[in-house]
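Enquirer: sequence and predicted model, in that order:
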Amino acid sequence: MPDEPKANVFPVTQCTWIDRELQDGRQGRLNVNRHVMDVYAWPLKVYFLAFRDRWVGEPEDVIQGFFASRLSKDGFFEDWRASGKRLHRWLMNGLCFYVKELHRERMRLQREVPDIPDDGYDDSAAADTMDRAFVQGIVREALVDAEAMCATRSLQTHWKIFVDHYIRGHTYEQIARTHGVEPTRAVVMARTATRKFQGALRLLLERNGSAVEELDTEIEILLNIARVQPKTAPRRDTSAPTDHTKGERQ
């Protein structure tokens, strides 16, 4: 029996954002390529800098060359899906092969190869470095995406409160004074922005190939790393005048 075409390997019910975009022709492929370059360029650069063969080129040039070489290939993403790997691991493997290709090319073009000291290179340590950079990159990208989502929904103050509390470490009492809202309302507004952040994380993890049933666990891990977790609302000071504004509805 002949092998099934790669396009038929994945059940429709498991169709991801990347799969859907790839079905949209040239523009969809450009969208996927742009997403990969935006999210993975920095972690791959960090990973490359841990290579013994990093002498083959400048980090930015190597990563851009890798993207140009691989992202233009037909079947690149279908092969990734068939591999069962997370996208960042697939890209790591691809970068390793690409750097080996550069190494062989440099060897062919020049008689002498730079004297590379044995600096105790550890492939597993390099992979761990990439994983950490990937997590940091995902969190950073999710913050950018979530801020944009809040802006489109006129939730800019919600986002500022989220940033003040979770990133700058301000208490809700401090935030209340800064933004002119009750502390309890500030908690609710921060929680709204947190949900946007969690949603952005979910989308990015889905695009990296995380299984749907694993998303909640992975998001929990990332939220712990980012130290972004909803906290209990402070008690209202009943001795102070209250602001009878309507509660948060979003």
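Expert: All right, it came through fine.
Enquirer: for Phe149, which non-adjacent residue is spatially closest?
Expert: Actually, residue 149 is Met rather than Phe. Distance criterion Cβ to Cβ, 6 or more residues apart in numbering; nearest residue to Met149, sequence neighbours excluded, is Lys196 at 4.8 Å. All C-beta spots, glycine's among them, are computed from the backbone N, C-alpha and C.
Enquirer: tell me how far Arg191 lies from Gln198.
Expert: As for Arg191, its distance to Gln198 is 10 Å (criterion: Cβ to Cβ, to the nearest Å).
Enquirer: pull up the overlap in contacts between these two.
Expert: Shared contacts of Arg191 and Gln198 (Cβ atoms under 8 Å, 6 or more residues apart in numbering): none.
Enquirer: one step back: number of residues surrounding the residue nearest to Met149?
Expert: Lys196 has 23 neighbouring residues, counting by other Cβ atoms under 10 Å.
Enquirer: cool, the one 5 residues further on as well?
Expert: Residues near Leu201, counting by other Cβ under 10 Å, number 24.
Enquirer: surely the residue nearest to Met149 meets Leu155?
Expert: Yes - taking contacts as Cβ atoms under 8 Å, Lys196 lies within contact range of Leu155: 7.4 Å.
Enquirer: please enumerate the shared neighbours of those two.
Expert: Met149.
Enquirer: quick one, longest helix in the protein?
Expert: If you go by DSSP state H, the chain has its longest helix at helix 123-152.
Enquirer: could you pull out the helices for the protein?
Expert: Going by DSSP H, the chain shows helices at 17-22, 25-49, 59-70, 76-83, 87-109, 123-152, 156-162, 172-179, 183-207, 215-226.
Enquirer: between those helices, which has the poorest mean confidence score?
Expert: Note on the helices of the chain: lowest mean pLDDT is at helix 215-226, with a mean of 66.
Enquirer: now the residue nearest to Met149: how far from Val36?
Expert: From Lys196 to Val36 the distance is 23 Å (Cβ to Cβ).
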